[in-house]
Every structure is written in C-alpha cells, then in structure tokens.
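Asker: okay, predicted coordinates and the sequence, questions at the end:
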Amino acid sequence: MPWRSDPRPYHVWVSEIMLQQTQVATVLPYYRRWMESFPTVADLAAADESELMRHWEGLGYYRRVRSMHAAAKQIMSEHGGEFPLQYDQVLALPGVGRYTAGAVLSIAAGAKLPVLEGNTQRVYSRWIALRVPPTDRAANKLLWDVAARMLPRSGSGQFNQAAMELGALVCLPKNPKCDQCPVHHHCRAAELGLQAEIPGKIKRIAYEDRTEFALILSREARGATQYLARPLPDGGRWAGLWDFPRCTEAATESVDAAAGWLSQQLGTEVAAGVRLQTLRHAVTKFRISLHVHQAALSNAGVAADRTAPAPWQWVSLDQIRTLPLSVTGRKIAEFLAADDQSFLPLS
DNA sequence: AAGACGGGGAG
DNA sequence: CTCCCAGTCTT
C-alpha cells in the first residue's frame, strides 16, 4: 500500500479517510491521483472544493472530502500547517473519529492507540467469542477495551495494521480461514467452533425500491448545446456534486410528476418528452430505477435567452464533463456525449 | 440507539 | 441477489 512506504501523518490521514467504509482495492487509484495533485496539507487547504470533489468522484460518502478540506484549513490556521500529533487535536478535526485518530497516530507517529473498525471488530469478537453483535453498545465498549489491551509495548501502528489485515485476508466474515490463521490457537471462537456464529448478526436497514426521473433540458447557445444542471444542495445526497434535473428528495411516481417538480423549481412550465435510457443503481438504502427523459420548456423561445434561476445553470456538455458528478450523472453525461456525436443533425 | 450517507467488491 | 467494506455525524 502506497501510504506504507512513506507514512507521514498527512499520507496516513488521507488514506484512512478514503478507506472509511471503502475497500483497499477501490482506494488505491484514488490515493495515487490525490497525492499527485495535493501532495501536502497546504495544497489541500488551498485547493478548490470542486477540484477535490472531482478527485473523489465515485468513491462515495462525499462529506468525507469536504470535511478533509475543512480539516486542512484548520491545520493551516491552528497548527501552522503541520499535522497535529496530539490525540485531542486530531480527534477535533472534522471527519476524524476515534478510529481514524487512532489509526493515524499509531501508524504515523507510533502512538499506543487502539483501532476498531470492520475488520478488528470481527477479529476481536472471535478472539473473545463475543456472542452479541459488535454494534451493541456494551459490546462495542468491550471491543475497544480489548483492542487497547492487545497493543504491544511498541509498534502499535504495525500491530493495528496487522490486525486489520488479518481480518481482511484470513478472519473473513464468511468461511474464515482458521487453518491458515497464525493465532488460531489463541482464538476462543475457534476453540469453541463458533467462527461461523461470531460476530452476531448486525441489523440492517431494509432496502426500498424507488423510481426516479432525470429530465434532460437543452438549448442552443453560442453554437453549442447547453444542458440544464445544478450543484446539489448541502445536507442531502451528493451534496456538492452536480446533477441533471432530478428530484433526489422523494420518490417520483411519474415523469409528469417529475416535470411538475422541475416546473416549480424553475418557475417555468416543463413538459416531459421521450425516455432516453433507464439506469439502475443503489444509493444508501434505496434501489433506484432512474428513467432519463428528454424534456422541454413550454416557452423555449423566451427561456432560452434567460439565465436559469439559481442554482440552476445552462452548461455545455464539455463543461459538465469537467464538473464533479455522481456516478449516474456521469453516465448520463457520457450518454449525451455519445448521442451528440451520432445524432447531431437531428436537433 | 438508529438513520443518513455511495458505490463497488465478492460470493 | 446479499453482505460487507481500515466510519462519522446527526437525530
């Protein structure tokens, strides 16, 4: 892992934020690109948010990148641009919780601090044959305690990484490779033959099927086709990313309802047109069928000369493609780009 | 204590 | 399909 070769606090911090709820293999290309563009805390602090989001596009949990940006500014103003090495100060950085603070300081500074995340939760649950789900309040406290008592006199960073890697490669959620485990003789669950039952089931939020619509509005301006788009508002899904017109707040029953929603947004009547494509995707608890429709402003001649009401904007496809988009937004943009090339004469 | 927040890897 | 991922923050 690239952050292991030069484990400066900044490197480890960036890697740990990227690794939150994200597998190592997914993170690797993102980490490399990030370090090429933002090699220091100062570079990160000075960067445009949109540029950061563009680097994060596809990784998910976009609040992580905005928190990191804020944290970098905090490091510049409160710590003279030097990543803090005091636990309380690290924990005070936005987006840094107990896990990340412990990981950064143990790995980058040799601090004797425990970590507890998906892997070590499972490893230590089996280690002590913990029967209750690790997310249970008392169980979670106990596991943190085990993680702390496990730590060697020195080399906590290496130990923590080894414990996580044991979970990722050997002590698997299903069919753990106990025969290959270097410590299975000390494992209480293995001794009792309870590897399959531990850790206990974690309650999951039920999936919800949902239909949504994206409405593609275009106009000709300055010899190029422009599309209506907007940055998504703070606090919700994909905050800070750009999107084609789409109601992300609630399910939409029909394309006409979607057009009605957009009409309200714009203060101009919108008519839905033909379906261009349908994308299936899952986001948090929703499994979404996203129908992408052509749409038009009912009084296109008037509206075409006006600027769209904020936050909506008319943007050329080339511009859109430089902006940070959700994965579905990116798919729609690529679809339109291909469509643009093959059917240019039609519109 | 529970829910929101993304997207993909792996079986 | 389902489960899970080097979690954090807000109700």
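Answerer: Right, received. Where do you want to start? Numbers count the residues shown, from 1 in each chain, chains lettered A, B, ... in the order given.
Asker: where does pLDDT dip in chain A?
Answerer: Where chain A drops to pLDDT under 70, the residues are A:300-305, A:340-347.
Asker: can I see the domain layout of it?
Answerer: With domains defined by automatic domain parsing, chain A comprises A:1-112, A:114-203, A:208-338.
Asker: now do stretch A:77-97: distance to the chain's middle.
Answerer: 22 Å (Cα atoms, centre = their mean, to the nearest Å).
Asker: what residues does the stretch 151-300 of chain A have near DNA strand C?
Answerer: Proximity of the stretch 151-300 of chain A to DNA strand C is confined to A:161, A:164-165, A:167-168, A:173, A:202, A:204, A:207, A:287 under the rule Cβ under 7 Å from any atom of the strand. Using the backbone N, CA and C atoms, a C-beta is placed for each residue, glycine as well.
Asker: which of the residues you listed are buried?
Answerer: If you count burial by 16 or more other Cβ atoms under 10 Å, the buried members of those come out as A:161, A:164, A:167.
Asker: can you tell me which of the residues you listed is closest to DNA strand C?
Answerer: Nearest to DNA strand C among these is A:Met164, at 3.7 Å by Cβ to the nearest atom of the strand.
Asker: sorry, back to before: which of the buried ones among the residues of the stretch 151-300 of chain A next to DNA strand C sits closest to DNA strand B?
Answerer: After measuring those against DNA strand B - Cβ to the nearest atom of the strand - the closest member comes out as A:Gly167, at 13.8 Å.
Asker: show me what contacts the closest residue to the closest one other than its chain neighbours?
Answerer: Nearest-residue entry for A:Gly167: A:Asn119, 2.8 Å, with adjacent residues in sequence omitted and distances by Cβ to Cβ, 6 or more residues apart in numbering. A:Asn119 makes contact with A:163-168, A:171 under the criterion Cβ atoms under 8 Å, 6 or more residues apart in numbering.
Asker: same list, those, but as JSON lines with secondary structure and distance to A:Phe83 please.
Answerer: Formatted as JSON lines, these follow (DSSP: H, G, I helix; E, B strand; the rest coil; distance: Cβ to Cβ, whole Å):
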{"residue": "A:Ala163", "secondary structure": "helix", "distance to A:Phe83": "24"}
{"residue": "A:Met164", "secondary structure": "helix", "distance to A:Phe83": "21"}
{"residue": "A:Glu165", "secondary structure": "helix", "distance to A:Phe83": "24"}
{"residue": "A:Leu166", "secondary structure": "helix", "distance to A:Phe83": "28"}
{"residue": "A:Gly167", "secondary structure": "helix", "distance to A:Phe83": "27"}
{"residue": "A:Ala168", "secondary structure": "helix", "distance to A:Phe83": "26"}
{"residue": "A:Cys171", "secondary structure": "coil", "distance to A:Phe83": "31"}
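Asker: so which of those comes closest to A:Ala190?
Answerer: Nearest to A:Ala190 among the contacts of A:Asn119, counting by Cβ to Cβ, is A:Cys171 at 9.7 Å.
Asker: which non-adjacent residue is nearest the closest one?
Answerer: A:Val123 (4.9 Å).
Asker: could you look up the SS state of that neighbour?
Answerer: Following DSSP: H, G, I helix; E, B strand; the rest coil, we place A:Val123 in the helix state.
Asker: verify the stated contact: it with A:Leu166.
Answerer: Yes - with contact taken as Cβ atoms under 8 Å, A:Val123 and A:Leu166 are classed as touching, separated by 5.7 Å.
Asker: any idea what the nearest residue to A:Tyr207 once chain neighbours are set aside is bridged to?
Answerer: The shortest distance from A:Tyr207 to any non-neighbouring residue, by Cβ to Cβ, 6+ apart, is to A:Arg287 (5.4 Å). Here A:Arg287 sits in beta bridges with A:Asp209, A:Ala282, as judged by DSSP bridges.
Asker: ditto for the one 4 residues further on
Answerer: Here A:His291 sits in beta bridges with A:Phe213, A:Thr278, going by DSSP bridges.
Asker: residues in contact with it?
Answerer: Taking Cβ under 8 Å, 6+ apart as the test, what A:His291 contacts is A:211-214, A:255, A:275, A:278.
Asker: tell me, what residue is most central in chain A?
Answerer: A:Gly60 (2.0 Å; Cα atoms, centre = their mean).
Asker: contact partners for it?
Answerer: A:21-22.
Asker: wasn't it part of a helix?
Answerer: No - per three-state DSSP, A:Gly60 lies outside any helix segment and is coil.
Asker: next, it: phi, psi?
Answerer: phi 80, psi 180 (degrees, to the nearest 10).
Asker: likewise for A:Gln294?
Answerer: Dihedral angles (degrees, to the nearest 10) for A:Gln294: phi -70, psi 150.
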